[in-house]
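Asks: Sequence first, predicted model second:
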Amino acid sequence: MAKVLTNTKKIQVHLNGNGKEQVPAKRLNVLKTYKMYVGGQFPRSESGRYYPALNKSGVTLANICLGSRKDFRDAMVSARSAFSGWSARTAFNRSQILYRIAEMLEGRRAQFIDELLQQDVPVKQAETEVSLSIDRLVYYSGWCDKYQQIFSSVNPVACSHFNFSVPEPMGVISVVAPQNSGLLGLVSVIAPVIAGGNTCVVLASSEKPMCAVTFGEVLNSSDLPGGVVNILTGKVKELAPYFADHMDVNAALYCEKEEATIRMFKEKSALNVKRIHLYNDINWFSEEGQSPYFIFDFQEIKTTWHPIENIAGAKSGY
Amino acid sequence: MATKKSNTIKLKFDSARELAPAPESKSAATIKPQYELFINGKFEKPASKKYYHTINPATEERISSIAESNQADVDRAVKAARQAYEKTWKKMPGKERAKYIFRIARMVQERAREFSIVETLNGGKPIRESRDFDVPTAANHFFYYAGWADKLEYAFPNRQASPLGVAGQIIPWNFPLLMAAWKIAPALATGNTVVLKPAETTPLTALKLAEIIQEADLPPGVVNIITGAGATGAAIVNHPDVNKIAFTGSTDVGKIIQRAIAGTSKKATLELGGKAANIIFDDAPLDQAVEGVINGIFFNQGHVCCAGSRLYVQESVFDQVLRKLKDRMETLIVGDPMDKNTDIGAINSKAQLDTINKYLKIGLQEGADMYQSSCKLPGKGFFCRPTLFTNVAQSNRITQEEIFGPVLTIQTFRTDDEVIAKANNTPYGLSSGVWTDKGSKIFNLTTKLRSGVVWANTFNKFDPVSPFGGYKESGYGREGGLHGLYAYVNVK
């Protein structure tokens, strides 16, 4: 360690404001390779394709994986195999893991703000977006073991049976995330889906994909089992049809207003009676961007019956 | 004894067991020779000027002429429903809506005997079932939802519910009146108006219900009941002024509907097919379980979307269960649906009987062993013996596809995990059944079976307060209970 410090002294150094840190002025930045997040791993697209993420002035910020149909199918395998484990976690455990994601995101605030700035989000808005994203995760963390109580019922049937209805996760959800927001939109759609015990494959914003990839790193360091959330990057036009017609997808979520794509989603969903939800008119920066009803959208209601023994007409009493 | 086909050792099923006929009298019911369309509070002749015959499937006799709606008739019905929605129904206070629906419930109760007779004559189900199940449950459904009409603010925490508008409702032939009640009651309670089409083969009780709706003085157009076949249904689904489609029927048609409304903002609830697993563990009370299996598959001739058509028996009790099942099947009385002793009535239509027979052939071709009870079948009408298949594989068509008849497949299993995997290995997910004496095992199973209804140590139970509906390709949305309200409202 000491040797390194000595070496540093020999080359030209730049002192920052408070003079505490020393960084070489001509130090070469280490650029990040932006990869996808599938099954708890960070693979490149199997297709080997990429596209440049540009800022408004046309400067290339990073090369982003151009996800393919095969990437989607691989992600589906991961999501399906993660489902039984994730849905069987206790609600309290899921709650803690969502909170852990919030903790990890909080720790990386600066990195996300920086990435949003690079993608031309004004500084105030970037700060708000990251703060809201963290708070949203905390919000849904709290819901993990409560929405069941809100949406359940004990049903007083007119016969000698005990009967109750509870929400259960739908299964694997395919999600085309909001395209105009790099982080908040993504977090706002992933959180309710996994809070409810589902697993998902998410297509990140094509134009602002960097935060999604970095969010994958946050997920990876937050005790979330691999495969629960799979994040692909690529083009909506190319991949959306697979999100809509894959036979192992239980429900699909589309967050844009494009009529042709909405219609395509609804038509293809008929192949295996997928549930379709459209969140195309929601301001994720407002209060309407969070609600237990977003969790409820990806729940099935299961009703259980059991007889109550009634021996020889005996009544209760002591 | 050895030459007899039955495996029965102790029980004898000889002529001494034959019961004297106990036919229900038809005198409590009248069926008109011809029925018109119920539009805007009046019975009107169809623009198509066409009528078709509806028959009694137990005798193949024509019992009435039914109007066949065309596009113009659907237009008139939707228009009436729209007007009633805008001018009257959506503005009416909930407590007033409630009183209309309560009225309908009471009138169905008053005319219960008549309804059960007509239901059995038109649909072929045993009078015992229409009298003790279909009709009372239909009345109860109206009674239950009536009470919700002025309490909706309690149903959706922190949200306000508003009606959707005009609901187009298409129902099947297996529970004609009950399905009409399942559809109409929650729609009215939440402030929607209705255009309902009963199934082509079983229109009569829905038209009787229309008489009640008229008598109850419901504002004209709030409920419209129009008859016809698939083309009429398609015209309702595709009508631009319909806001919601509620459909109960086959998964194939459900998918067509889902595709047809893709380019619109119509909402839908689909209650589609099923292939329910009924699971017997070795520690189950076997006699009760066998009784439940019999009820699960032979109730209503097996024309039940949630019928327990795949039986899984733990290996160690397989022989015992099979013997008990065959014995019990032998005692089932198949025949005249109007006879109060009949257990299994007529198959609803010639077409459905053909489908069932097709599957029996397929089962044999696939190498399964078929067993049928030895009962005599009536000479006329559409009947099918209670049937079970053993030596079947998970991949056989008879274990994968919905037959919608009195046909049961039986497979064995050893472990809990194995049977969960087998039970869930289907595109359907409507219902399932578990039989065991161990509570913790029940909950292990009921949480892992992917279906909307799970019956533990019981089967085929229904109640207005109990939500019903499927996972996966069995459809979406729930009917019944508090959760049934979601299907008919926007929640903001």
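Replies: That came through, no problem. Keep in mind that this is a model prediction, so the values were computed, not measured. Numbers count the residues shown, from 1 in each chain, chains lettered A, B, ... in the order given.
Asks: Quick check: which element contains the residue of the stretch 51-200 of chain B found nearest chain A?
Replies: For the stretch 51-200 of chain B, the residue closest to chain A is residue B:157, as judged by Cβ to the nearest Cβ, at 5.8 Å. In short, each C-beta sits where N, CA and C put it, glycine included. Here residue B:157 is covered by no helix or strand, with elements defined by DSSP states H and E.
Asks: Can you mark which positions in stretch A:54-61 are buried?
Replies: residue A:61 (16 or more other Cβ atoms under 10 Å in any protein chain shown).
Asks: so where do the strands sit in the stretch 51-200 of chain A?
Replies: Shown for the stretch 51-200 of chain A, the strands assigned by DSSP state E, counting those that start in this stretch span residues A:60-65, A:153-154, A:161-169, A:172-176, A:199-203.
Asks: Now the residue of the stretch 51-200 of chain B closest to chain A: phi and psi?
Replies: When read as degrees, to the nearest 10, the backbone of residue B:157 gives phi -50, psi 130.
Asks: got it, and residue B:39?
Replies: The phi/psi pair for residue B:39 (degrees, to the nearest 10) is phi -130, psi 130.
Asks: who's in contact with it?
Replies: Contacts here follow Cβ atoms under 8 Å, 6 or more residues apart in numbering or on different chains; on that basis residue B:39 touches B:73, B:76, B:77, B:80, B:221, B:224, B:226.
Asks: Around chain B, which positions in the stretch 151-300 of chain A sit nearby?
Replies: Contact residues, the stretch 151-300 of chain A versus chain B (Cβ under 8 Å from any Cβ of the partner chain): A:153, A:155-159, A:161, A:163, A:165, A:168, A:170-171, A:250, A:263, A:266-267, A:269-273, A:275, A:293, A:300.
Asks: how about a cut-off of 6 Å?
Replies: A:153, A:155-158, A:163, A:165, A:263, A:266-267, A:270, A:272-273, A:275, A:300 (Cβ under 6 Å from any Cβ of the partner chain).
Asks: Give the PyMOL command for selecting the buried subset of those.
Replies: Those of those that count as buried under 16+ other Cβ under 10 Å are selected in PyMOL with:
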select buried, chain A and resi 153+155+157+163+165+266+267+270+272+273+275+300
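Asks: In the residues of the stretch 151-300 of chain A next to chain B, find the pair that's most separated.
Replies: Across those, no pair lies farther apart than A:158 and A:263, at 43.9 Å, counting by Cβ to Cβ.
Asks: still on that earlier bit, grab the nearest non-local neighbour of the residue of the stretch 51-200 of chain B closest to chain A.
Replies: residue A:150 (5.8 Å; Cβ to Cβ, 6 or more residues apart in numbering or on different chains).
Asks: Could you check how far the one you found is from residue B:271?
Replies: With the distance defined as Cβ to Cβ, to the nearest Å, residue A:150 ends up 24 Å from residue B:271.
Asks: got it, and residue B:265?
Replies: Residue B:265 is 21 Å from residue B:271, by Cβ to Cβ.
Asks: Which one's more surrounded, these two?
Replies: residue B:271 (29 against 8; other Cβ atoms under 10 Å in any protein chain shown).
Asks: Quick one: neighbours of the residue of the stretch 1-150 of chain A found nearest chain B, just the number.
Replies: Nearest residue of the stretch 1-150 of chain A to chain B (Cβ to the nearest Cβ) works out as residue A:150 at 5.8 Å. By other Cβ under 10 Å, the residues close to residue A:150 number 14.
Asks: tell me the pLDDT at it?
Replies: Looking at residue A:150, its pLDDT reads 96.
Asks: could you measure it against residue A:295, distance?
Replies: Applying Cβ to Cβ, the value for residue A:150 to residue A:295 is 9 Å.
Asks: And residue B:402, by the same measure?
Replies: 32 Å.
Asks: More neighbours: which of these two?
Replies: A count of neighbours by other Cβ under 10 Å puts residue A:295 above the other of residue B:402 and residue A:295, at 26 against 22.
Asks: so what's that one up against?
Replies: Shown in contact with residue A:295 (Cβ atoms under 6 Å, 6 or more residues apart in numbering or on different chains): A:147, A:192, A:195, A:196.
Asks: Without its sequence neighbours, what residue ends up closest to the second one?
Replies: The shortest distance from residue A:192 to any residue other than its chain neighbours is 3.8 Å, reached at residue A:294 (Cβ to Cβ, 6+ apart).
Asks: Please apply the same query to residue B:464.
Replies: Per Cβ to Cβ, 6+ apart, closest to residue B:464 is residue B:144, 3.7 Å.
Asks: That neighbour - how many residues pack around it?
Replies: Residue B:144: 22 neighbours (other Cβ under 10 Å).
Asks: Kindly state the pLDDT recorded for it?
Replies: Value for residue B:144, per-residue pLDDT: 98.
Asks: how about it, phi and psi?
Replies: When quoted as degrees, to the nearest 10, the phi and psi of residue B:144 stand at phi -60, psi -50.
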